[in-house]
Structure formats: structure tokens, C-alpha cells
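**Q** Have a look; sequence and predicted model below, questions after that.
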Amino acid sequence: MEFEKVIEKVRKLAQEADVSNTDFLAVQVNLKDCNPGTFYVEIKNHKMSVEPYEYIDRNCAITIKSDDFVNLLDKKLDPVLAFTLGKLKVEGDVSKALEFAKLKKKK
């Protein structure tokens, strides 16, 4: 999937995500089949932002193919299974990557 389409999808989901219980979370996503393929998702003061840049002070960085990442977002791919199968690599705090993967929609 094209980088711009992935960013657009993540931004749409960011508007729908319930981040009321999250004070701070910074995850850098590296899409290994896109160039450029790096963006970050930050939750700060209960607001989520998505920007196409590297995030130096991140909690973790995940590296994944764009199609697998979209499947994670659509809940078609379990994050633990993706990690176990080597489809998802995590650098940094793995618990923060799981927290990111389990964000839910607002009710």
C-alpha cells in the first residue's frame, strides 16, 4: 500500500480512537516496503497526532510491511501473532507497542 494512503488511514483512525486513558505514547512506524516509509503516532494530553517524520524520544519503533500494518489497524492481524511470526519487529518498549495496537474506537 502507498505511504500516503497508510498515513491517511492512520489519521482517520486517530480521529476515532479513544485515547482518554492515555497520557503519553509515542510510536514510530517504519514501513519497510515504502520509501519514504517512516511516520510517528503520538498521544499527548489525550490527543493523537500522526506525522510523517522520525520521532527521536519515542517509546518504541515498529517495523512492518504496509499491508500487514493495515491488517493490524483493521484488526485482521493479531499483533502478538505478527510479532511471533516475524512480520512485526519492535525496538524499545514492547508493552507500548501492544498498548498502541490495542487502542479502541470511541464509543
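**A** That came in fine, so what should we check first? In this text the structure is predicted, and so the values were computed from the model without any measurement.
**Q** What is the neighbour count of Lys96?
**A** Number of residues near Lys96 (other Cβ atoms under 10 Å) recorded here: 18. Glycine gets a C-beta too; all of them are placed from N, C-alpha and C.
**Q** Could you report the pLDDT at it?
**A** pLDDT for Lys96: 93.
**Q** Now for it: which residues touch it?
**A** Leu25, Val27, Asn59, Cys60 (Cβ atoms under 8 Å, 6 or more residues apart in numbering).
**Q** which one of those sits closest to Leu72?
**A** Val27 (11.7 Å; Cβ to Cβ).
**Q** as a whole number, average confidence for the helix or strand harbouring the closest one?
**A** Per DSSP states H and E, Val27 falls inside strand 24-31. Throughout strand 24-31, pLDDT has a mean value of 96.
**Q** cool, stretch 55-62 as well?
**A** Computed over stretch 55-62, the average pLDDT equals 95.
**Q** Need the three-state assignment for Glu99.
**A** At Glu99, secondary structure determined by DSSP: H, G, I helix; E, B strand; the rest coil is helix.
**Q** count of residues packed around it?
**A** The burial count assigned to Glu99 is 17, neighbours taken as other Cβ under 10 Å.
**Q** pretty sure it is touching Asp23, no?
**A** No - counting by Cβ atoms under 8 Å, Glu99 stays clear of Asp23, with 11.4 Å between them.
**Q** Beta-bridge partners for the residue nearest to Gln28 when sequence neighbours are not counted, please?
**A** Spatial nearest neighbour of Gln28, chain neighbours left out: Ala61 (4.1 Å); criterion: Cβ to Cβ, 6 or more residues apart in numbering. Under DSSP bridges, the beta-bridge partners of Ala61 are Gln28, Glu91.
**Q** likewise Glu51?
**A** Tyr40.
**Q** where's the top helix by length along the chain relative to the chain centroid, distance-wise?
**A** The longest helix of the chain (DSSP state H) is helix 3-16. Mean-position distance between helix 3-16 and its chain equals 10 Å (Cα atoms, centre = their mean, to the nearest Å).
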